[in-house]
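Engineer: make a model of this:
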Amino acid sequence: MDEEGLREGSRFGIGGRREWLRSVLVIVEITVSVVLLVSAGVLIRSLWRVQAIDPGFRADSVLTIQTWLPMPRYAFNAARTTLYTEILSNVRALPGISNAAYISSVPMGQGGGGIWPVTGTGNKDNERDSSGIKNVGMRLISSGYFETMHIPLIAGRDIRESDDIGAQPVAVISESFAQRYWPNQDPLGRKFRFAIEHFPFAEQERIVVGVAGDVRFRGLERPSEPQVYLSYRQLPDRTSTFYAPRALIVRSFGDAFTSAPAIRQIIKKADPEIPVTDVQPLRSVVDLQTAPRSTQVRILFSFAALSLLLAGIGIYGLLSFAVGQRSPEFGLRIALGAQSSDILTMVLREGAWLAAIGATLGLLLSYLAVRSMQSLLFGIDPFDPATVSIAGVVAFTMALSGSFLPALRAMRTDPTTVIRME
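Structural biologist: Okay, the predicted model is just below:
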């Protein structure tokens with residue numbers, strides 16, 4: 001009896017009319033699995049790329065504390081200087097504390113800081129572009145800020161305690177500031193000012209005393225504008241008090257959070273009316289930048305895993321039913337001399353065929369799906385070959401694994417029992 005005769009002799013085949021709907025359902029499940037796997041895969045790759053970005057500082061073992069200064073009492077330079085000096089000296093004296101400093105706004109934290117236009121650099125071409133005056137970020141800091149944050153000083157010096165209201169106005173600039181306004185030149189000793197009229201603090205000519213590494217203040221995925229760091233001691237009375245440093249940065253040798261109660265007491269002792277808020281590790285602030293991506297990955301990966309499981313179960317159910325219906329065919333084949341391995345290969349081939357169709361359709365549809373979410377990707381091609389290949393292999397393997405138990409059952413068909421039942 002030939003192959004066609006054997007199939008006609010069986011009650012149903014996996015490709016028969018009563019099985020087409022089951023087959024289509026399995027193919028759909030595999031297709032959806034591949035689409036979800038590819039989507040989750042490219043998001044995971046994007047997440048890894050974002051997490052690998054150097055923010056320009058070391059966030060581990062750093063505690064951030066917001067200390068909002070009551071006004072108008074701290075509208076005066078002398079009052080702020082006395083407060084900051086007392087708090088910083090006492091915090092630095094705590095056991096396990098490496099260093100501490102103040103800044104007007106934490107990198108990647110709430111309130112990105114002031115954005116100011118710059119002029120007087122002597123490089124008119126670089127002060128303006130097609131959109132107008134170029135802007136820079138401005139931060140007021142205390143001495144020791146760069147050391148506390150582990151921001152490298154590329155040239156020059158840090159802000160000092162001697163940089164007070166009576167001294168020459170100074171600034172530490174970021175590396176990108178130097179490259180923009182004085183490319184291929186030594187920026188130390190050069191002068192500039194902020195381009196805001198009728199604002200004495202902004203109009204002061206400042207001399208560059210140091211160059212610090214770039215920091216991503218606006219987030220891991222957004223390069224920040226060039227930065228200017230000024231001494232908080234040079235902020236005049238009743239001037240831009242909203243820029244006065246309010247973020248206390250504390251670096252410890254171990255777990256930064258263990259020192260929080262002692263730091264609270266120091267601040268309370270210095271001034272009981274100062275509210276202390278947002279006590280959190282700087283690592284949490286940085287990790288918050290990737291939180292939305294992590295949530296997207298978890299959701300998509302969960303759906304992909306569920307879809308894979310359903311695809312495996314679907315193939316298992318479909319082939320189990322088909323094997324049961326084709327038992328007479330398998331029994332007759334074995335009686336005519338077919339090897340068990342031939343039966344095993346036959347059933348696996350049918351499962352592989354469904355898996356291949358579903359995986360192929362899934363790869364085609366995943367291209368459209370990933371293209372639609374291109375705005376969520378970072379530093380990765382929408383149709384990343386490695387991600388697509390891994391997703392296709394995983395989905396195909398998972399779907400095919402559902403074929404093994406039915407194939408083993410078909411291979412163990414007893415021809416005598418089956419023929420007697422027929």
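
Engineer: quick one: what helix or strand has the spatially closest residue to residue 30 that is not a sequence neighbour in it?
Structural biologist: Distances taken as CB to CB, 6 or more residues apart in numbering put residue 358 closest to residue 30, at 2.6 Å, once the chain neighbours are dropped. Heads up, the C-betas are built off the backbone N, CA and C, glycines and all. With elements taken from DSSP states H and E, the one containing residue 358 is helix 340-372.

Engineer: and the residue nearest to residue 30, what does it touch?
Structural biologist: Applying CB atoms under 8 Å, 6 or more residues apart in numbering, we find residue 358 in contact with 26, 27, 28, 29, 30, 31, 33, 34, 311, 395, 399.

Engineer: what do you get if the cut-off is 10 Å, keeping everything else the same?
Structural biologist: By CB atoms under 10 Å, 6 or more residues apart in numbering, the contact set of residue 358 is 23, 26-34, 311, 314-315, 395-396, 399.

Engineer: now do the same for it: its pLDDT.
Structural biologist: Here, the pLDDT recorded for residue 358 equals 85.

Engineer: return the set of buried residues in stretch 145-154.
Structural biologist: Of the residues in stretch 145-154, those buried under the neighbour-count criterion (16 or more other CB atoms under 10 Å) are 145, 146, 148, 149, 150, 151.

Engineer: residue 57 is in contact with the last one, correct?
Structural biologist: Yes. Shown here, residue 151 and residue 57 form a contact pair, counting by CB atoms under 10 Å, at 5.1 Å.

Engineer: what residues are shared contacts of those two?
Structural biologist: 107, 212, 213, 215.

Engineer: and the last one, which of the three is it?
Structural biologist: Going back to what we said before, that points to residue 215. When classified by DSSP: H, G, I helix; E, B strand; the rest coil, residue 215 comes out as coil.

Engineer: quick check: it touching residue 174?
Structural biologist: Yes. The pair formed by residue 215 and residue 174 meets the contact definition of CB under 10 Å, at 7.1 Å.

Engineer: neighbour-wise, which of those two wins?
Structural biologist: residue 174 (26 against 23; other CB atoms under 10 Å).

Engineer: if I look at the more buried one, how far off is residue 139?
Structural biologist: In this structure, residue 174 and residue 139 are separated by 10 Å, where distance is defined by CB to CB, to the nearest Å.

Engineer: can you point out the buried residues in the helix holding residue 358?
Structural biologist: By neighbour count, and taking 16+ other CB under 10 Å as the criterion, the buried residues in helix 340-372 are 343-344, 346-348, 350-352, 354-363, 366, 369-370.

Engineer: could you point out which element follows that helix?
Structural biologist: Toward the C-terminal end, the helix or strand that comes next after helix 340-372 (DSSP H and E) is helix 385-401.

Engineer: for that following helix, what is the distance to the chain centroid?
Structural biologist: Here the centre of helix 385-401 is set off from its chain's centre by 25 Å, with CA atoms, centre = their mean, to the nearest Å.

Engineer: residue 232 and residue 74 touch, don't they?
Structural biologist: No. Taking CB under 10 Å as the definition, residue 232 is not a contact partner of residue 74, at 11.3 Å.

Engineer: so the two - more neighbours on which side?
Structural biologist: Remark: of residue 232 and residue 74, residue 232 carries more neighbours, 25 against 20, as counted by other CB under 10 Å.

Engineer: which non-adjacent residue is nearest that one?
Structural biologist: Residue 232 sits nearest to residue 140 (CB to CB, 6+ apart), 4.4 Å away.

Engineer: just among the shared contacts of residue 151 and residue 57, which is most surrounded?
Structural biologist: Using other CB under 10 Å as the neighbour definition, the shared contacts of residue 151 and residue 57 reach their maximum at residue 107, which records 27 neighbours.

Engineer: three-state assignment of that one?
Structural biologist: Here residue 107 is recorded as coil under three-state DSSP.

Engineer: can you report phi and psi for the residue nearest to it when sequence neighbours are not counted?
Structural biologist: In space, and not counting its chain neighbours, residue 107 is closest to residue 217: 4.9 Å by CB to CB, 6+ apart. Here the main-chain torsion angles of residue 217 (degrees, to the nearest 10) amount to phi -70, psi -30.

Engineer: residue contacts, residue 217?
Structural biologist: By CB under 10 Å, 6+ apart, residue 217 lies in contact with 55-56, 105-109, 112-113, 137, 139, 174, 223-225, 227.

Engineer: so residue 68 touches residue 275, yeah?
Structural biologist: Yes. Proximity of residue 68 to residue 275 meets the contact threshold set by CB under 10 Å, at 5.3 Å.

Engineer: neighbour count winner among these two?
Structural biologist: For residue 68 against residue 275, the residue with the higher neighbour count under other CB under 10 Å is residue 68, and the figures read 13 against 10.
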